[in-house]
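next come a sequence and a model predicted from it.
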Amino acid sequence: MEERTPLEDESLIVKAQHGDASAFGQLVERYQDAVFRGALLVLQDASEAEDAAQEAFMKAYRALHRFHGGALRPWLVKIAVNEALNRRKARKRRMAVAQRIGTAGETLEWALDETLIDRERARLLRAALEALREQERVLIYLRYFLMLSEKELAGYFGCAPGTVKSRLHRALARLREVVIRRYPGLLVETG
Amino acid sequence: MQHEIDLLEHDLERLSQAILYQQTPNLSRKVGQRLVTVPPVGGPRRRWALVGAAVALAVLAAAVAVGSIPPARDAVADFFDRINIFQTTESPEGLPTAVTGTQLTLQEAEARLGQRLLLPTYPEELTPSKVLLQDFGQVKAAVIFFRHPDGTPFALFETNGRVGKGLPFGRTASATFVPGLGSEAYWLEGLRIVEYYDLSGRVIPESVRTTDVNTLVWDEGGFVYRLEGQLAQEEAVRIAQSLQ
């Protein structure tokens, strides 16, 4: 894993804020994985996620003068996730038309390393996640799939780290409720 | 409870590590190409950007007001998350009306669906008279038939996920929001077309049918349930709230 110091980001941000597109390009290269994956988790469609990620970077560039320090990664991920959520809502509105003309897209199947988790268990867990409320699901994606720290999440939500902790606990408790109701097999311990 | 949460947390970590993400597209190149056409960032553009946004909003508001944006006029409730209700001019003529499926026991239906079925605990001593499984591939629904103590038959539909969302209805039908049940709930009356959607949002042709039976549809825990029967709304809600 590569480490980045805030100072490196900071100097690139200042350059980009003064119109240096190549400095911004370096920031894109640095954070494109997190931004793309954030959009992909929400949209479950690689092509749409790519569009959303591109648009998120463009919005970030236009809004860079409003960025006043702190960690850049959660700020960019937030723009991407919001963009993806908006697109997901728009997609739902389009579905009524798309299903009639047969152009609705396929849901992305996750490719998995099955030495780490059994495919069926992964499928059920994913189904349980899909059953959560949007904000709970997003929080879990951010914490466990994009590995945002509690401090980064506090920046993302604009709240205290303690609040992040309690929101996370509530989201996991809701996941437990869904699992108990619908997928009790997930509570059977495996190796 | 904490042990179960720890177990799920552990599973989430394992799942997260197991996902083999596809390679991230080269966004820096694509964004770089687009940046060439964008003026440098900074303060002076902001005021104009805000004016632009205000104008766009005004245009949008005007368009909605005069009805020139059809989705706002025609889609009654497509902005809701999981249950979509549309007005449609489609004729229900010729569409099937019967609820069909394979007759199974409750346990068999549970096994095929891969999840526990919830049953009403009100009215007391209510027992299923028949269970059908509707198997549309990815999408499955268990239909459990009951007879109310007053003699009214009704059916409870339980699906295996976020499906069963399409509920187009004609001009003679009505949909009323029902507060206090699940995350959203509607009471539907009149002649309507019912259809299930697959996981990518396409309508499943074999699922399409019509009904004029009173229906309570609601979303709870991310699952869509339907209660169909000529019951009064209050009674249907009471039965729905008793599911365990």
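Looks like it came in fine. What you see is a predicted model; the values in this text were computed from it and never measured.

could you use CA atoms for every contact and neighbour count after this?
Fine.

list the contacts for B:V31?
A:G25, A:V28, A:Q54, A:F57, A:M58 (CA atoms under 8 Å, 6 or more residues apart in numbering or on different chains).

give me the number of neighbouring residues for the fourth one.
Pointing back at A:F57 there. If you count neighbours by other CA atoms under 10 Å in any protein chain shown, A:F57 ends up with 28.

quick one: contacts for it?
Residues near A:F57 by CA under 8 Å, 6+ apart: A:V28, A:L76, A:A80, B:V31.

do the same with B:E13
Per CA under 8 Å, 6+ apart, neighbours of B:E13: A:Y144, A:F145.

so how far is B:G101 from it?
According to CA to CA, to the nearest Å, B:E13 and B:G101 sit 39 Å apart.

go through chain B and flag its longest strand.
Using DSSP state E to define each element, chain B has its longest strand at strand B:139-147.

help me confirm that B:L132 is found in a strand?
Yes. Checked against DSSP: H, G, I helix; E, B strand; the rest coil, B:L132 lies within a strand.

ok, it to B:L118 distance?
Distance of B:L132 to B:L118, given as CA to CA: 15 Å.

how about low-confidence regions in chain A?
A:1-7, A:92-109, A:190-191 (pLDDT under 70).

just the helices in it please.
A:6-17, A:21-43, A:46-62, A:72-101, A:119-130, A:134-140, A:150-157, A:161-182 (DSSP state H).

so A:A23 makes contact with A:I13?
Yes. If you go by CA atoms under 8 Å, A:A23 and A:I13 touch, sitting 7.3 Å apart.

ok, the two, which is more surrounded?
A:I13 (24 against 18).

quick one, what contacts the more buried one?
Here A:I13 is in contact with A:A23, A:F24, A:L27, A:L64 (CA under 8 Å, 6+ apart).

for chain B, state which of those residues is nearest.
Nearest to chain B among these is A:L64, at 7.1 Å by CA to the nearest CA.

next, count neighbours for that closest one.
20.

could you flag which of the contacts of A:F57 are buried?
Neighbour counting by 16 or more other CA atoms under 10 Å in any protein chain shown classes A:V28, A:L76, A:A80, B:V31 among the contacts of A:F57 as buried.

count of neighbours near A:A160?
Counted with other CA under 10 Å, A:A160 comes out at 13.

equivalent analysis for A:R137, please.
20.

my guess is it contacts A:A127, does it?
No. Counting by CA under 8 Å, A:R137 does not reach A:A127; the two are 11.1 Å apart.

could you find the closest non-adjacent residue to the residue nearest the centre of chain A?
Nearest residue to the geometric centre of chain A (CA atoms, centre = their mean): A:G38, 2.7 Å. Once flanking residues are discounted, A:G38 sits nearest to A:V81: 5.9 Å by CA to CA, 6 or more residues apart in numbering or on different chains.

hang on, the earlier thing: which helices and strands does the longest strand of chain B pack with?
Where contact means 3 or more CA pairs under 8 Å, 6 or more residues apart in numbering or on different chains; DSSP states H and E, strand B:139-147 is packed against helix B:106-113, strand B:130-136, strand B:153-159.

ok and it relative to helix B:106-113, angle-wise?
160 degrees (axes from the mean of the first three to the mean of the last three CA atoms, to 10 degrees).

residues contacting A:V14?
Not one residue lies near A:V14 by CA under 8 Å, 6+ apart.

separation between it and chain B?
Distance, A:V14 to chain B, by CA to the nearest CA, to the nearest Å: 11 Å.

wait, doesn't A:A21 sit right on B:L35?
Yes. Between A:A21 and B:L35 there is a contact under CA under 8 Å: 6.8 Å.

among those two, which residue is more densely surrounded?
A:A21 (23 against 20).

where does B:Q103 fall, helix, sheet strand or coil?
Three-state call for B:Q103 (three-state DSSP): strand.

check the closest residue to it other than its chain neighbours and give its pLDDT.
Distances taken as CA to CA, 6+ apart place B:L132 nearest to B:Q103, at 4.4 Å, with adjacent residues excluded. Note for B:L132: predicted pLDDT of 94.

give the contact list for B:L132.
Contacts of B:L132 by CA under 8 Å, 6+ apart are B:T100, B:G101, B:T102, B:Q103, B:L104, B:A109, B:A142, B:V143, B:I144.

which pair in these spans the largest distance?
B:T100 and B:A109 (14.1 Å; CA to CA).

quick one: which of those two has more around it?
With neighbours defined as other CA under 10 Å, B:T100 and B:A109 compare such that B:A109 has more, 24 against 15.

what comes into contact with stretch A:21-35?
A:9, A:12-13, A:15-16, A:53, A:57, A:61, A:73, A:76-77, A:80-81, A:146, B:24, B:26-29, B:31-32, B:35-36.

buried residues of it, list them for me.
Of the residues in stretch A:21-35, A:21, A:23-28, A:30-35 count as buried by neighbour count, 16+ other CA under 10 Å.

same question, stretch B:179-193
Neighbour-count burial for stretch B:179-193 [16+ other CA under 10 Å]: B:L181, B:G182, B:E184, B:A185, B:Y186, B:W187, B:L188, B:E189, B:G190, B:L191, B:R192, B:I193.

is that stretch positioned near chain A?
No. Using CA under 8 Å from any CA of the partner chain, stretch B:179-193 never reaches chain A; the gap is at least 9.1 Å.

please work out the average pLDDT along the helix or strand hosting B:L227.
Following DSSP states H and E, one finds B:L227 within strand B:223-229. Averaging pLDDT along strand B:223-229 yields 86.

kindly export that strand (C-alpha atoms) in CSV.
Output of strand B:223-229 as CSV, limited to C-alpha atoms (Å, rounded to 0.1, in the frame of the first residue of the first chain):
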residue,chain,number,x,y,z
PHE,B,223,-38.6,-6.5,0.8
VAL,B,224,-41.9,-5.7,-0.9
TYR,B,225,-45.0,-7.4,0.4
ARG,B,226,-48.6,-7.4,-1.1
LEU,B,227,-51.8,-8.3,0.6
GLU,B,228,-54.6,-8.8,-1.9
GLY,B,229,-58.2,-9.4,-0.8
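
that strand versus helix A:161-182: what angle between them?
Using the same axes, to 10 degrees, strand B:223-229 lies at 50 degrees relative to helix A:161-182.

sheet partners, orientation included, of strand B:223-229?
Sheet partners assigned to strand B:223-229 using DSSP bridges are listed as strand B:153-159 (antiparallel), strand B:215-220 (antiparallel).
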